[in-house]
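> A predicted structure for the sequence below; I have some questions about it.
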Amino acid sequence: MTDYLVGQVQKHLPHIPVEVVSQGAEALVFKTSVHPYLPNSISPYLDNHDEYIIKFRPPKPYRHPKIDASITKNRTVGEVKFMSKLARIGIRAPSLISADFNNGIIWMECLGQTLPNGEVSSFKNWLWYLERNEIPDKCVSDEVRVVCIKVGALIGRLHLNNMVHGDLTSSNILLENFEPALIDFGLSSYSGLAEDKAVDLYVMERAILSTHSVFSDKYNAWLLEGYEQIHETEFGKQGKKKHLETIRKLEDVRLRGRKRSMLG
Ligand SMILES: Nc1ncnc2c1ncn2[C@@H]1O[C@H](COP(=O)(O)OP(=O)(O)OP(=O)(O)O)[C@@H](O)[C@H]1O
């Protein structure tokens, strides 16, 4: 299978050594040591300056080829535009290096570090590392609280810019020296509606509940604390109002979610 996946991306990127990082529902993610433009492949501008990520949306055989090509192109363009906007407004996310829209390829900065257990430092893996190594005290420590608050603030900053992630989970947040960064913008969009922001928060809340069930109450409360803080510190009274609107909507969305799960 791995050879097949590598073969798929190498049709478009011959002679580029790649290593599979993840095979998601929509895309394949590879790591490479090659930069598309720099002759020695060392980027002086990036912290992780000799490793890069290639995200590739392979053709989906179950879709009509024309529709498939159009979906792939739209999602790739959408993701690239979103990443560029994030860079402009200073929200931490991978820097864009290069893109091939027609073939669904994005070449970007490689974020994250390696945890002591060898996993990449996503928010999920980090919490799992603490939870699974039976360091329960650590799971509800100040260190975790501070990171959760930072993650909440990052989401808040995104929403204050009328941007909605669309797939907020603890694996779509990478930590670098305990500073969070967002990844995976395939479902992201622009919206100033409190409803859309509330759905984003609800997705995150549910993801935390299902992935980190033991401490989810604490994590979610801290995430919302950071979310509230950033509204007030960055936008004062106006921010407070926006925050209240979104949280009211979140209560509606939760209620709808509960009704739906009761009805099956
Ligand atoms: N810029 C990056 N730096 C480091 N790792 C990354 C980067 N982008 C993606 N990854 C790794 O690849 C994984 C999958 O990436 P991404 O979520 O963008 O793809 P996806 O196909 O949409 O995944 P899924 O369908 O599982 O949501 C991430 O969880 C992360 O481990």
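On my side now, so go ahead.
> Point out the residues in the protein that sit beside the ligand.
By C-beta under 6 Å from any ligand atom, the residues of the chain that approach the ligand are 21-22, 24-27, 29, 53, 55, 94, 108-112, 120, 122, 171-172, 174, 183-184, 186. (Glycine included, C-beta is placed from N, CA and C.)
> Among those residues, which ones are in strands?
With strands defined by DSSP state E, the entries of the residues of the chain next to the ligand inside them are 21, 22, 29, 53, 55, 108, 109, 174.
> Residue 34 - that's part of a helix, no?
No. Using DSSP: H, G, I helix; E, B strand; the rest coil, the assignment for residue 34 is coil, not a helix.
> Report the contact partners of it.
Shown in contact with residue 34 (C-beta atoms under 8 Å, 6 or more residues apart in numbering): 16, 17, 41, 52.
> So what sits opposite the last one in the bridge?
The reference is to residue 52. On the basis of DSSP bridges, residue 52 is bridged to residue 32, residue 109.
> What is the neighbour count of it?
26 (other C-beta atoms under 10 Å).
> Repeat that for residue 196.
Quick note: residue 196 (other C-beta under 10 Å) scores 18 neighbours.
> so how far is the ligand from it?
Relative to the ligand, residue 196 is positioned 19 Å away (C-beta to the nearest ligand atom, to the nearest Å).
> That residue against residue 187, yeah?
No. Using C-beta atoms under 8 Å, residue 196 is not in contact with residue 187; the gap is 11.7 Å.
> confidence score at residue 55?
We have a pLDDT of 98 for residue 55.
> If you drop the residues flanking it in sequence, what lies closest to it?
residue 106 (4.6 Å; C-beta to C-beta, 6 or more residues apart in numbering).
> what do you get for residue 140?
residue 218 (5.5 Å).
> which ones are touching residue 22?
For residue 22, the contact set (C-beta under 8 Å, 6+ apart) comprises 28, 29.
> and what of residue 244?
Going by C-beta under 8 Å, 6+ apart, the list of residues near residue 244 is empty.
> hmm, 10 Å instead?
194, 228, 231 (C-beta atoms under 10 Å, 6 or more residues apart in numbering).
> hmm, back to that, so for the residue nearest to residue 55, what pLDDT did the model give?
Looking at residue 106, its pLDDT reads 98.
> count of neighbours near it?
Count around residue 106 with other C-beta under 10 Å applied: 25.
> Compute the distance between it and residue 35, please.
Separation of residue 106 from residue 35 (C-beta to C-beta, to the nearest Å): 14 Å.
> Find residues that contact each of these two.
Residues touching both residue 106 and residue 35 (C-beta under 10 Å, 6+ apart): 97, 98.
> ok, back up a step: the helix or strand where the residue nearest to residue 55 lies relative to strand 52-56, how many degrees between them?
Using DSSP states H and E, residue 106 sits in strand 105-109. Relative orientation of strand 105-109 and strand 52-56, computed by axes from the mean of the first three to the mean of the last three C-alpha atoms, to 10 degrees: 160 degrees.
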